[in-house]
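Asks: Kindly generate the corresponding structure for this input.
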Amino acid sequence: MKDGVSAQDYLDLELLSKQLQQLDSSLDLAQKELRRTKTARQLLDECSDSQELLIPLGSGVFVEAKIADASSVRMAVGAEVLIDRSLDDAKMALEDQIEQLHAQHDRSLQLREQLIDRILALENRIESTIEQKGA
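Replies: Okay, the predicted model is just below:
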């Protein structure tokens, strides 16, 4: 290239920038999942027999319901499979999920910092090359 910077440098910068955008999107989704999981954990503390609830059916439609037995809950384990769990077991499972989500979030933040460092180093190298060719 005429400014002395290789096309590969520009491609690498573009690739790193896209990776950072994707990681930021993933971090946003992970934070939302963490908030939902924390809310579910908190709501388990508030469950009681005969408590009235509004259950969302989708598309803004809700049905009124009463908790018949607050000593157990059904938890999704994947592929539309539900299992019965005691309230205490469900709380512990959600606490484990929260810990895992925190750990994943921390790893993603570290990766984000590494990407930013690589982007800044590449930008500095490109700028330095351009300045050297211009001098």
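Asks: which helices and strands sit right next to the helix or strand harbouring Asp88?
Replies: When elements are assigned from DSSP states H and E, Asp88 belongs to helix 87-134. Based on contacts counted as 3 or more Cβ pairs under 8 Å, 6 or more residues apart in numbering; DSSP states H and E, the elements that helix 87-134 packs against are helix 7-46, strand 72-78. Yep, even glycine has a C-beta here, placed from its N, CA and C like the rest.
Asks: can you tell me which of those the model trusts least?
Replies: Note on the helices and strands packed on helix 87-134: lowest mean pLDDT is at strand 72-78, with a mean of 91.
Asks: Neighbouring strands - and their directions - for it?
Replies: When pairing is defined by DSSP bridges, strand 72-78 lines up against strand 81-86 (antiparallel).
Asks: mind saving the C-alpha coords of the partner strand as CSV?
Replies: This file holds the C-alpha atoms of strand 81-86, laid out as CSV (Å, rounded to 0.1, in the frame of the first residue of the first chain):
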residue,chain,number,x,y,z
VAL,A,81,-37.5,-31.3,29.7
LEU,A,82,-38.7,-30.4,33.2
ILE,A,83,-37.7,-32.0,36.4
ASP,A,84,-39.2,-31.7,39.9
ARG,A,85,-36.8,-30.2,42.4
SER,A,86,-37.2,-29.3,46.1
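Asks: how far off helix 87-134 does that strand point, in degrees?
Replies: Counting by axes from the mean of the first three to the mean of the last three Cα atoms, to 10 degrees, strand 81-86 points 120 degrees away from the direction of helix 87-134.
Asks: That'll do, ta.
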